[in-house]
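Please work out how this folds:
(one chain, ligands or ions: 1)
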Amino acid sequence: MSAEKVPDTPVEVLVDLLTRTMEVAKASGNVPEELTHQLQKALDIASGLDDYLEKMSSQESEPLAELYKKTISHDWDQVHKEGKTMFRLPKECITGHVEGQTLKMLIHMSQAKRVLEIGMFTGYGALSMAEGLPEDGCLVACELEPYLKDFAQAIFDKSPHGRKITVRTGSAMDTLKELAAAGEQFDMVFIDADKDNYINYYNFILDKSLLKLRGVICVDNTLFKAKVYLKDTTDGNALALRKFNQFVRDDPRVEQVIIPLRDGISVVRRVSVSSECSRTKSKITDDEVFRGVKGLPILDRMRLDGKVAYVTGAGQGIGRAFAHALGEAGAMVAVVDLDQDKAEAVAGELFLKGIIAISITADISKSADVQRMIDNVVSKWGAIHVACNNAGINMNSASEDTSLEEWDQTFNVNLRGTFMCCQAAGRVMLKQGYGKIINTASMASLIVPHPQTQLSYNTSKAGVVKLTQTLGTEWIDRGVSVNCISPGIVDTPLIHSESLRPLVQRWLSDIPAGRLAQVTDLQAAVVYLASDASDYMTGHNLVIEGGQSLW
Ligand SMILES: C[S@@+](CC[C@H](N)C(=O)[O-])C[C@H]1O[C@@H](n2cnc3c(N)ncnc32)[C@H](O)[C@@H]1O
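Here you go, the predicted model:
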């Protein structure tokens, strides 16, 4: 620490005290060597900590590094003297590298999408958090001083994440009132402004539901240079923070922990709705609608953590999108395809995203392959919870010319193959007393898509729907649901070929949505059907075709 630096955190205070003690010890001349040695060790431990944390934390981005440099080298006294800021702003206000990375990490961990910061200063914390937000995330930063908005904006504009940040100048409490009136809610709130208002911000955020149900409040400086727990404290800010910490500690609405990082960060979360309602004895209908089935909010009921799934035809297109979707929702996924390279490539993609996956090469028109696929999954993971029978083929010919080979080939994969998969997976699932089978049918099961001629395809897919309905009603009372998804015309590289382009124009004029389906349009449906949220749905044909079958 440089000589003129004011100690700003408990560790910096310790370093300062130990340095002075060392000086006294050395000057006195009669301090035992052992004591000086131990003192030096304590000083090394304390003074090395922040440096080490800096070095071992991920490096800050260029815009953050520039923002830090610009803030530290700015003459804030001069700015204040010139009347550009209402208050004299100490540069030590800045959160800095390690705290910035911590906030960013908390954003990732809580999967926050909407963040509120109270007290932005030059925007270091705001930009750090914005870096952790997804593409469509947003951060509202409240700041009293308009000067700081311009200062920060110049750097926000240099970062690809800066566009996620909206700065609202003026009193933070006024901004909070405006946000509450507009019905805004946040997943994470970072309180880092005037300390004597912390309790007011905190209460307002909870009372006016600015914090979402499972949101988190982070509060900076809650150790306030150790003064919150030192007996001789007279500092107004430290006393305000001591009162704040105690208030939150005694507040039955929340749980909190203080992380001793830099000047202390409190992490506060609202306790579960059920304990809150028994505490307040509010007049509520205390049922599954209120508490959530198994205590889970609706989106969590669609999670597939710990579930075992397989997807056939997963080497590309719809099957690949299904495999990613099921994996993202938490399932372990066996990627099954006729083409080994493609199956391995998709399993590799899943693996990169942290999803447990294996690849299996199988031709689902062959009963031995189907059984081997099922046995592989069961021997690897001990169960099959989700069977996604998606593999299919499509051949075109005028009906009067359709050969028996084409008919048989199409039916062997699309209907006979799907049946064999349903039966083999169904046997495992019926024994388990639990299973979700999802077949890929087609809009062609309902209408006759034109002008292409595909008799065997259309007929086989109509068969998949009837197969689904029959199995769906036969097995549902033994815990196995069977449903199918019927996509409309899906945008694949193939249909952009010269020969198919005129057809695409024709199709588009038949689709109320005015566009072809993307494989991503189908992903939520497969997760829903694979999840416990769809337990009462069976034998259903979930049609996703932009309205095409209705015209
Ligand atoms: C500790 S600094 C914030 C540091 C910032 N979070 C960062 O990441 O660098 C506190 C900031 O709160 C602002 N502030 C203080 N009182 C405020 C109020 N009543 N409303 C809005 N902002 C306020 C100050 O102008 C100052 O910029």
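
Count the neighbours of Lys84 for me.
15 (other C-beta atoms under 10 Å). Where C-beta positions appear, they are placed from N, C-alpha and C, glycine not excepted.

same check, this time on the one 4 residues further on
When neighbours are counted by other C-beta under 10 Å, Arg88 registers 10.

Wait, a helix at Pro134?
No. With DSSP: H, G, I helix; E, B strand; the rest coil as the criterion, Pro134 is coil rather than part of a helix.

Please, where are all the strands along the stretch 51-200 of the chain?
Secondary structure of the stretch 51-200 of the chain (DSSP state E, counting those that start in this stretch): strands at 114-118, 138-143, 165-169, 186-191.

Buried deepest among those, which one?
Comparing the strands of the stretch 51-200 of the chain by mean neighbour count (mean count of other C-beta atoms under 10 Å), strand 114-118 comes out on top with a mean of 27.

okay, the strands of the stretch 51-200 of the chain in CSV with distance to Asp339 next?
Output for those, formatted as CSV (distance: least, C-beta to C-beta, whole Å):
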stretch, distance to Asp339
strand 114-118, 42
strand 138-143, 42
strand 165-169, 45
strand 186-191, 41
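
Show me what from the chain comes close to the ligand.
89, 93-95, 119-121, 124-125, 142-145, 148, 171-172, 192-194 (C-beta under 6 Å from any ligand atom).

Narrow the residues you listed to those in helices?
124-125, 148, 172 (DSSP state H).

Quick one: which of the residues you listed is the most crowded by neighbours?
Within those, most neighbours by other C-beta under 10 Å means Gly125, with 28 neighbours.

looking at it, that one is touching Ala193, isn't it?
No. Under the criterion of C-beta atoms under 8 Å, Gly125 makes no contact with Ala193, lying 11.3 Å away.

And Val219, which helix or strand is it part of?
Here Val219 sits within strand 211-220, counting by DSSP states H and E.

what comes into contact with that strand?
With C-beta atoms under 8 Å, 6 or more residues apart in numbering as the test, strand 211-220 has contacts from 95, 99, 103, 106, 110, 112, 114, 119, 185-192, 198, 202, 205, 244, 248, 254, 263-270, 273, 297.

Sheet-wise, list the partners of it with their directions.
Strand 211-220 pairs in its sheet with strand 186-191 (parallel), strand 265-270 (antiparallel), by DSSP bridges.

Report pLDDT for Ser282.
pLDDT, Ser282: 69.

For the strands paired with strand 211-220, give me TSV that also has mean pLDDT.
What follows is the strands paired with strand 211-220, written out as TSV (pLDDT from 0 to 100):
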stretch	mean pLDDT
strand 186-191	98
strand 265-270	96
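
Ile495 is nearest to which of these?
Of all the strands paired with strand 211-220, it is strand 186-191 that lies closest to Ile495, at 39.6 Å by C-beta to C-beta.

List every C-alpha atom in that closest one, with coordinates, as PDB.
C-alpha atoms of strand 186-191 as PDB (Å, rounded to 0.1, in the frame of the first residue of the first chain):
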ATOM      1  CA  PHE A 186     -35.200  -7.300 -11.000                       C
ATOM      2  CA  ASP A 187     -33.400 -10.600 -10.400                       C
ATOM      3  CA  MET A 188     -30.500  -8.900  -8.700                       C
ATOM      4  CA  VAL A 189     -30.100  -5.500  -6.900                       C
ATOM      5  CA  PHE A 190     -26.700  -4.100  -6.000                       C
ATOM      6  CA  ILE A 191     -26.900  -1.400  -3.300                       C
END
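
residues making contact with it?
So strand 186-191 is contacted by 103, 106-107, 110-119, 125, 129, 140, 198, 201-202, 205, 210-212, 214-220 (C-beta under 8 Å, 6+ apart).

Buried among these? Need that as a selection in PyMOL.
Listed next is the PyMOL selection for buried residues among the contacts of strand 186-191, using 16 or more other C-beta atoms under 10 Å:
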select buried, resi 103+106+107+110+112+113+114+115+116+117+118+119+125+129+140+198+201+202+205+210+211+212+215+216+217+218+219+220
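
So which residues of the stretch 251-400 of the chain form strands?
Along the stretch 251-400 of the chain, the segments classed as strands by DSSP E, counting those that start in this stretch run 254-259, 265-270, 308-312, 332-337, 357-361, 386-389.

and the fifth one, what other elements does it pack with?
Taking 3 or more C-beta pairs under 8 Å, 6 or more residues apart in numbering; DSSP states H and E as contact, the helices and strands that strand 357-361 lies on are strand 332-337, helix 340-352, helix 367-381.

Partner strands of that strand, with direction?
Assessed with DSSP bridges, strand 357-361 is paired to strand 332-337 (parallel).

Give the residue spans of the protein that score low on pLDDT.
The chain contains residues with pLDDT under 70 at 1-4, 273-282, 494.

and Val413, what is it in contact with?
With C-beta under 8 Å, 6+ apart, Val413 has these contacts: 364-365, 391-393.

and those, which of them are in helices?
Using DSSP H, none of these sit in helices.

Can you tell me which of those residues lies closest to the ligand?
If you rank the contacts of Val413 by distance to the ligand using C-beta to the nearest ligand atom, Ala391 comes first, at 52.1 Å.

any idea how far the closest one lies from Arg515?
26 Å (C-beta to C-beta, to the nearest Å).

gap between the two ends of stretch 189-204?
12 Å (C-alpha to C-alpha, to the nearest Å).

Also stretch 389-396?
OK, stretch 389-396 end separation, C-alpha to C-alpha: 22 Å.

Alright, that wraps it up for me.
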